[in-house]
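**Q** Sequence first, predicted model second:
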Amino acid sequence: MRRMPTTNQYIAFDLETTGLSAEIDRVIEIGAVLFDSQGREIDRFEQLINPCRSVSPGARAVNGIRDEDLALAPVAADVLPRFLAFVEAVPSIPLIAHNANFDAKFLGREFGRAGMPTPSRLVHDTLALARRRLPTLGSHRLASLVDHFRLGSEVSHRALGDAMVVKDLWLRLDGPSAAAELLVSYPVHDPAVAARPPRGWEGLDRAARDGRRVWIVYDGGTRGAGRREISPRRFTQKGGVAFVVAFCHLSSREKSFRLDRIREHDAGGSPTLRLEDIADEPPNR
C-alpha cells in the first residue's frame, strides 16, 4: 500500500513482553496500526518474536502467550528491520503508546541488543494525555479509559488488539489537536546506556551537565510535600517510572526523585511541567 507523507497520520503500537524489566526481559510481540486523524486504518503490523528465553508466569497469565507459541517465531534481530521499515515509511510520523515510557524503553533495548540504531522518534503517551484531559477520573489505566469512553473494544493484552485500542483512545482524547504542552513524549531509548530525559525535562538535564542547582516542589518522600533544592545528576527508569537521581541539599545525600511527583521545577528558565502526567502505573495492564 502506497503511503502519502502527512502530519495527520500516526502509528499506535503496543508490545507484549516476557516480564516488566527492559534490562532483563524481552519483547515477544509487536503490534502497530497506521491511521489518520479521522481514524481510518491505513496499514498494520503484527509479529510474534522468539525471545530465546521463557515467558514469566506473570506475563503468561496476562497475555496468554506460551513458550510453544514462540518457538517457531523469528528472533528480534530479524523482526526489527521490518518494523523499522513500517515506522519510517512515513517520514517523521508520531508514535503513540499507553504508558509510553515502558514501550519506548523496551523497544530501545531490543534495538540495542540487535546492534541497530534506535529510531529518532518520540512516543506520545496517552496515559499522560488522559491524566491531563481527565484529571478527576479515578484510574487512567487502559481498561478504565475504555470503560469511561465506552469505546466498544476490549483490552486484549495482545499487541495488535491493544494498539487498536490506543488508536481509538488517542482520537477520543483529541490527540491530533492537542497543544504541545499537553503532550508528554518519550524518546525510544536503550536503558543499558544513560537514560535520556522525557520531553519537557531538558532543563534538568542541562542542569546536570552544568553542575547547577535546581529548586523543585516535590510531593512525596520521607519529608512530605515541599520545596527543596537539588543538584540533578542523571535520569533513570524503573518499572515504567521515570526518576531523576540528584543530590538533595535538604537531606545532604543523593536521592532518587520520581518525576511524576515533581509538581514544579525551576531549571534556569526552562518551562515548568506538571508531571502527575508521567507514567506511574503498570504498562497498559
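**A** In hand now; what should we look at?

**Q** Tell me where the stretch 51-200 of the chain has strands.
**A** Taking DSSP state E, counting those that start in this stretch as the criterion, the stretch 51-200 of the chain carries its strands at 95-97, 122-125, 185-187.

**Q** how about CSV for these, with distance to Leu15 added?
**A** Every residue, glycine included, has its C-beta placed from N, CA and C. Written out in CSV, the entries for these read as follows (distance: least, CB to CB, whole Å):
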stretch, distance to Leu15
strand 95-97, 8
strand 122-125, 11
strand 185-187, 13
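
**Q** The closest residue to Ala71 other than its chain neighbours: how many residues sit nearby?
**A** Nearest residue to Ala71 in three dimensions, chain neighbours excluded: Asn50, at 6.8 Å (CB to CB, 6 or more residues apart in numbering). The number of residues packed around Asn50, counting by other CB atoms under 10 Å, is 18.

**Q** Endpoints of stretch 155-163, how far apart?
**A** Stretch 155-163 has an end-to-end distance of 9 Å (criterion: CA to CA, to the nearest Å).

**Q** To Arg172, which of the strands of the stretch 51-200 of the chain lies closest?
**A** For the strands of the stretch 51-200 of the chain, the distance to Arg172 is smallest for strand 95-97, at 12.4 Å, taking CB to CB.

**Q** pLDDT score assigned to the spatially most central residue of the chain?
**A** Centroid-nearest residue in the chain, with CA atoms, centre = their mean: Ala100, separated by 1.5 Å. Ala100 is assigned a predicted lDDT (pLDDT) of 94.

**Q** Does it touch Arg121 like I think?
**A** No - using CB atoms under 8 Å, Ala100 and Arg121 do not qualify as a contacting pair, with a distance of 11.0 Å.

**Q** that older thread, next one: the residue nearest to Ala71 from Gly161, what distance?
**A** Look at Asn50 and Gly161: by CB to CB, to the nearest Å, they are 21 Å apart.

**Q** which one is the residue nearest to the centre of the chain nearest to, not counting chain neighbours?
**A** The shortest distance from Ala100 to any residue that is not its chain neighbour, by CB to CB, 6+ apart, is 3.7 Å, and that residue is Asp125.

**Q** quick one: contacts for the nearest residue to Ala178 once chain neighbours are set aside?
**A** For Ala178, the nearest residue in space outside its immediate sequence neighbours is Leu129; the separation is 6.3 Å by CB to CB, 6+ apart. Listed by CB atoms under 8 Å, 6 or more residues apart in numbering, the contact partners of Leu129 are 170, 173, 175, 178, 182-184, 277.

**Q** Any chance of those in a markdown table with neighbour count as columns?
**A** A markdown table is the format used below for the contacts of Leu129 (neighbours: other CB atoms under 10 Å):
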| residue | neighbour count |
| --- | --- |
| Trp170 | 25 |
| Leu173 | 19 |
| Gly175 | 23 |
| Ala178 | 15 |
| Leu182 | 16 |
| Leu183 | 19 |
| Val184 | 30 |
| Asp277 | 23 |
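
**Q** closest to Leu84 among the residues you listed?
**A** Trp170 (21.6 Å).

**Q** For the closest residue to that closest one other than its chain neighbours, give me the pLDDT.
**A** Excluding the flanking residues, the one nearest Trp170 by CB to CB, 6+ apart is Ile96, at 5.1 Å. pLDDT recorded at Ile96 is 98.

**Q** Just list whatever residues bridge to Ile96.
**A** Each beta-bridge partner of Ile96 is listed here: Ala12, His124, as defined by DSSP bridges.

**Q** That one touches Val166, doesn't it?
**A** Yes - judged on CB under 8 Å, Ile96 makes contact with Val166 at a distance of 5.8 Å.

**Q** okay, and the common contacts of the two?
**A** By the contact definition CB under 8 Å, 6+ apart, Ile96 and Val166 are jointly contacted by 12-13, 126.

**Q** need these in JSON lines with pLDDT, distance to Ile30 and neighbour count, can you?
**A** Rendered in JSON lines, the data for the shared contacts of Ile96 and Val166 read as follows (pLDDT from 0 to 100; distance: CB to CB, whole Å; neighbours: other CB atoms under 10 Å):
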{"residue": "Ala12", "pLDDT": "98", "distance to Ile30": "12", "neighbour count": "29"}
{"residue": "Phe13", "pLDDT": "98", "distance to Ile30": "7", "neighbour count": "27"}
{"residue": "Thr126", "pLDDT": "96", "distance to Ile30": "18", "neighbour count": "29"}
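
**Q** Nearest to Val33 among those?
**A** The shortest gap between Val33 and any of the shared contacts of Ile96 and Val166 belongs to Ala12, at 5.4 Å (CB to CB).
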